[in-house]
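[1] Coordinates for the following, if possible.
(4 chains)
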Protein chains: 2
Amino acid sequence: MRLAALAQETRLAVFRLLVQTGPDGLCAGDIQARLKLAPATLSFHLKELSTAGLLKARQQGRFIYYAPDFKAMNALLGYLTENCCDGGECEVDCASPAASTEC
Amino acid sequence: MRLAALAQETRLAVFRLLVQTGPDGLCAGDIQARLKLAPATLSFHLKELSTAGLLKARQQGRFIYYAPDFKAMNALLGYLTENCCDGGECEVDCASPAASTEC
DNA sequence: TTCATATTTCCAAAATAATGGAAATATATT
DNA sequence: AATATATTTCCATTATTTTGGAAATATGAA
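    Have a look, this model is predicted:
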């Protein structure tokens, strides 16, 4: 479950760091250094995020680079508003979050 | 943490049911009947969602109606894409999820 | 091949969260 | 006041998740 994958401080920090970094991503070691995590801990969370489909990994020599899967991220955002107000019109501002146009 | 509040099957089911129902919401008993939850269990999750700021409760007689706080929901969606690609332009489609215009 | 570095897997301990029965509270109706 | 219904709180049990040390694996460099 993707939401669950993001619903954990450490994993959210990892994901957001990668979102901010962009498509090139960061290798595990860099993430570890930036967020000060034990290797095993980071590895666990990277696996969770990858399994959830939120991250894409690519090996480059000894390094493994992780980057967000932006498509998956979008799907997740869409999911939350799906069928809002029973599919009908609604006066409430339940779409187009401010940041969604800033990317 | 709002994400964490939604990252639990039962709570997500409750929230989505309420999103689909709209601003009028449903009383606890109706939610309970629809999702077949033990009263104590539902109460626990409603409190989690409320504490997270995702639900608004209004008492009406003996009943307590719960409805989504759509503003909070939007803030949450925005949060995820915040600072995407370091604030710069990015070719990746990391905004405007399909469903966000359908509400 | 040997050594160094990057990352993961294994595993067990610790922490946190979910569940639901039973009792408590709150409101309404008679 | 007595009774009925809606919902919550209390609490103990169970289930799940997180953590990180140590060992294993993988890749590259000398």
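[2] only C-alpha atoms for contact and neighbour calcs from this point on.
    OK.
[3] How about the secondary structure of the closest residue to A:Leu6 other than its chain neighbours?
    Leaving aside its sequence neighbours, A:Leu6 sits nearest to A:Leu12 (CA to CA, 6 or more residues apart in numbering or on different chains; 5.0 Å). Classification of A:Leu12 using DSSP: H, G, I helix; E, B strand; the rest coil returns helix.
[4] ok, the residue most central in space within chain A - contacts?
    Nearest to the mean C-alpha position of chain A, by CA atoms, centre = their mean, lies A:Phe15 at 4.2 Å. Shown in contact with A:Phe15 (CA atoms under 8 Å, 6 or more residues apart in numbering or on different chains): A:6, A:68.
[5] measure it to A:Leu46 for me?
    For A:Phe15, the distance to A:Leu46 equals 9 Å [CA to CA, to the nearest Å].
[6] cool, A:Asn74 as well?
    19 Å.
[7] And the strands in chain A, which stretches?
    Along chain A, the stretches classed as strands by DSSP state E are A:26-27, A:55-60, A:63-68.
[8] circling back to that earlier point, how many neighbours does the residue nearest to A:Leu6 have?
    17 (other CA atoms under 10 Å in any protein chain shown).
[9] What residues does chain A have near DNA strand D?
    Applying CA under 7 Å from any atom of the strand, we find that chain A lies next to DNA strand D at A:7-8, A:10, A:37-41, A:44-45, A:60-62.
[10] Give me the neighbour count for the residue lying closest to A:Ile31 once chain neighbours are set aside.
    Excluding its sequence neighbours, the residue lying closest to A:Ile31 (CA to CA, 6+ apart) is A:Val14, at 7.2 Å. The number of residues packed near A:Val14 is 22, by other CA under 10 Å.
[11] Give me the distance between A:Val14 and A:Gln60.
    In terms of CA to CA, A:Val14 sits 20 Å off from A:Gln60.
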